[in-house]
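Asker: Predicted model and sequence follow; I will ask about them next.
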Amino acid sequence: TQLLEQSPQFLSIQEGENLTVYCNSSSVFSSLQWYRQEPGEGPVLLVTVVTGGEVKKLKRLTFQFGDARKDSSLHITAAQPGDTGLYLCAGGATGNQFYFGTGTSLTVIP
Amino acid sequence: EPEVTQTPSHQVTQMGQEVILRCVPISNHLYFYWYRQILGQKVEFLVSFYNNEISEKSEIFDDQFSVERPDGSNFTLKIRSTKLEDSAMYFCASNPLGGTYEQYFGPGTRLTVT
C-alpha cells in the first residue's frame, strides 16, 4: 500500500488569506490528482498533474507536482468562503489503482 | 454535462444480508472503479474494472465482494454477506481511458449495516 500524507489535517483561515496544502509520499506516482469533497458527496476532480515539476493553475488555485513525483502542493490565493471543503490528493500507481491521501479540511471564515 | 450516477443513495441492511450497489458510469468511459469511505476516514480503493474483467483490486476486496457489468451500462458492486464494518459510503468512479487519467466520481451510496 502506498501512503499519501496530507498536511495540515485541518485549516481555518480568514477570507482573503493565502494557504498551502501539502501531499507527501515516499512512493513515486505516475500522476497526482487533487479533489474537493463536500459532506455526503463524492470527490470532484480539480486537476491532474503527470510530469515532475509540473505547475497548473485553476483561477486562484495553483497545483505543483514535485520533481521526483512523490509530492504535490495546492496553493490557494485570497481564499473565499466558497473554498471551504475537504481537499484530497490521490496518486495514480501502476495499472489502474489510485491511492487517496488523508485529506485536509479547509474552513474559510468570512 | 455527463455524470456518474449511483443508486440507492442510502441502503440499510442487516448483518449477513447481501446487498447490490448500482452505478451508471459516464457512457463513453472505459474504466470503472469502486471505492469506499468509512465515516471520518480516507477514501479507499476497492477495485478497478476494464473490458468486463477486474483490472486491479485491493486487499479489502475479498471473496465477499464481486463486481459486474451486466448490461453494458450498469456497473454493480455486490457484498455477499454484509458485516458491521462494511458500513461506509461507497463511491463509483469512471475514467475515460484508464491509466493516469482523471476519475469522475458518483455521489455515493451510504451503506448502513445493522
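Answerer: Received the coordinates, thanks. Residues are numbered from 1 along each chain as shown, chains lettered A, B, ... in the order given.
Asker: residues contacting the spatially closest residue to A:Leu3 that is not a sequence neighbour?
Answerer: The spatially closest residue to A:Leu3, leaving aside those adjacent along the chain, is A:Ser25, at 6.1 Å (C-beta to C-beta, 6 or more residues apart in numbering or on different chains). No exception for glycine: its C-beta is placed from N, CA and C like everyone else's. When contacts are counted by C-beta atoms under 8 Å, 6 or more residues apart in numbering or on different chains, A:Ser25 is found next to A:2-5, A:70-71, A:91.
Asker: Distance check, B:Leu77 against chain A.
Answerer: With distances taken as C-beta to the nearest C-beta, to the nearest Å, B:Leu77 is found 14 Å from chain A.
Asker: Listing partners with orientation, what would you give for the worst-scoring helix or strand of chain A on mean pLDDT?
Answerer: Scoring the helices and strands of chain A by mean pLDDT, DSSP states H and E places strand A:98-100 at the bottom, with a mean of 88. Strand pairing for strand A:98-100, using DSSP bridges, gives strand A:85-92 (antiparallel).
Asker: Contact residues of chain A facing chain B?
Answerer: Contact residues, chain A versus chain B (C-beta under 8 Å from any C-beta of the partner chain): A:1, A:30-31, A:33, A:35, A:40-45, A:48, A:50, A:88, A:90, A:92, A:95-103.
Asker: For chain B, give me the ranges with low pLDDT.
Answerer: B:98-101 (pLDDT under 70).
Asker: Could you tell me which residues of it lie near chain A?
Answerer: Residues of chain B lying near chain A by C-beta under 8 Å from any C-beta: B:4, B:31, B:33, B:35, B:42-45, B:48, B:50, B:55-56, B:58-59, B:89, B:91, B:93, B:95, B:98-108, B:110.
Asker: I'd like the distance between A:Arg36 and A:Val47.
Answerer: 10 Å (C-beta to C-beta, to the nearest Å).
Asker: What residues does residue 21 make contact with?
Answerer: No chain was given, so I picked chain A. A:6-8, A:11, A:73-76, A:87, A:104, A:106.
Asker: Switch to chain B, please.
Answerer: With C-beta under 8 Å, 6+ apart, B:Leu21 has these contacts: B:6, B:8, B:11, B:34, B:76-79, B:90, B:92, B:109, B:111.
Asker: Can you give me the buried ones in the strand or helix carrying it?
Answerer: For B:Leu21, the element it lies in under DSSP states H and E is strand B:19-24. Under the neighbour-count criterion of 16 or more other C-beta atoms under 10 Å in any protein chain shown, strand B:19-24 has B:19, B:21-24 buried.
Asker: What is the most widely separated pair among those?
Answerer: B:Val19 and B:Val24 (17.5 Å; C-beta to C-beta).
Asker: now, which of the contacts of A:Ser25 sits nearest B:Asp63?
Answerer: A:Gln2 (24.1 Å).
Asker: Could you find the closest non-adjacent residue to A:Val49?
Answerer: Nearest residue to A:Val49 in three dimensions, chain neighbours excluded: A:Phe65, at 3.9 Å (C-beta to C-beta, 6+ apart).
Asker: sorry, that was for B:Pro25
Answerer: Nearest to B:Pro25 is B:Ser94, by C-beta to C-beta, 6+ apart, at 3.5 Å.
Asker: Pull the number of nearby residues for the one you found.
Answerer: 24 (other C-beta atoms under 10 Å in any protein chain shown).
Asker: Alright, that wraps it up for me.
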